[in-house]
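A.B. asks: What follows is a predicted structure for the sequence shown.
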Amino acid sequence: MESTLPAQQLIVCSQIQLSFTVGRKSQTVLDQLDLSVNSGQIVSLLGPSGCGKSTLLKVIAGLVDPQSGSTAIGDQLVSQRMQRTTRDRMAFVFQEPALLPWRTVWSNVMLPNELRGKANQGETIDRAKHFLNLVGLQQSDWKKLPSQLSGGMKMRASIARAMSTKPSILLLDEPFAALDDMLRSKLNDLLLTISAEEKCTMLFVTHNIGEAIYLSHEIAIMSRGKIAQMISVPFPFPRVATLRSTSEFAAFYGHVSGALNESHA
């Protein structure tokens, strides 16, 4: 049963403006963008390539500073110079697993904890083992190099690495785009399991309407650097795989697809 407590805003983007210079021309990527994400929610950013989804994720992570506007995590402002305590609350999963090729799965997963000086702590080691098991990697896989893993196994390791740091916010930039539909569905269910267990907030970039619906509490449709529309997903949690084959899911898919097309008309 979902909590009936009042929702608490965890991520708040206010009037974010960001442009890049290409040659002699200035290209607006984010245009006075506003977005609020409640604690514990999964929100998908849905839209075509070039609409600013991945850039927004980088702004929230403090990897890119906008020209104007602000982003806050709780009561802390985000920037490239933000406090380490704020940065440590977030973890990023990219489209490419970004595993270091000379390190084993285990040492890749432990790397962020090494950088934070926590790799030898018992709680950290136990947490890493837990998530390696949860994502479905056998202990024999922990000793393998990335070159010995399939694409799906690499992404599972990347998710375990992110969760080993105990983030309150997980930012995911199209992590399953290169995977086949069956594996993609399994990893969607894995994220839902992690969400239910950890209660962490997730911001998920995708082009896939069905994926956005299945995973999310809300879908933020992006267009031309703005949030064109926020759509609440009506299906209760926990989500089950059979939801995708229901007439209600198909009807809502049509609704989201129509809103997406309308925002780019």
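C.D. replies: Nice, I can see it.
A.B. asks: can you give me the helices in the protein?
C.D. replies: Secondary structure of the chain (DSSP state H): helices at 53-61, 84-87, 105-115, 122-134, 139-142, 151-163, 181-198, 209-215, 247-263.
A.B. asks: Just name whatever secondary elements the fourth one is in contact with.
C.D. replies: It stands for helix 122-134. helix 105-115, helix 151-163, helix 181-198 (3 or more C-beta pairs under 8 Å, 6 or more residues apart in numbering; DSSP states H and E). For every residue, glycine as well, the C-beta is placed using N, CA and C.
A.B. asks: Quick one: neighbours of the closest residue to residue 190 other than its chain neighbours, just the number.
C.D. replies: Nearest non-adjacent residue to residue 190, counting by C-beta to C-beta, 6 or more residues apart in numbering: residue 135, 6.2 Å away. Neighbourhood size, residue 135 [other C-beta atoms under 10 Å]: 23.
A.B. asks: Now do the contacts for residue 135.
C.D. replies: Residue 135 makes contact with 156, 157, 159, 160, 190, according to C-beta atoms under 8 Å, 6 or more residues apart in numbering.
A.B. asks: Quick check on it: phi, psi?
C.D. replies: As for residue 135, its main-chain torsions (degrees, to the nearest 10) stand at phi -80, psi 0.
A.B. asks: Now do the same for it: its pLDDT.
C.D. replies: Looking at residue 135, its pLDDT is 94.
A.B. asks: Would you quantify the distance from it to residue 62?
C.D. replies: 26 Å (C-beta to C-beta, to the nearest Å).
A.B. asks: just so I know, which of the helices and strands packed on helix 122-134 lies nearest residue 27?
C.D. replies: helix 151-163 (30.0 Å; C-beta to C-beta).
A.B. asks: circling back: and of the helices of the chain, who's closest to residue 68?
C.D. replies: Short answer: helix 53-61, nearest of these by C-beta to C-beta, at 11.6 Å.
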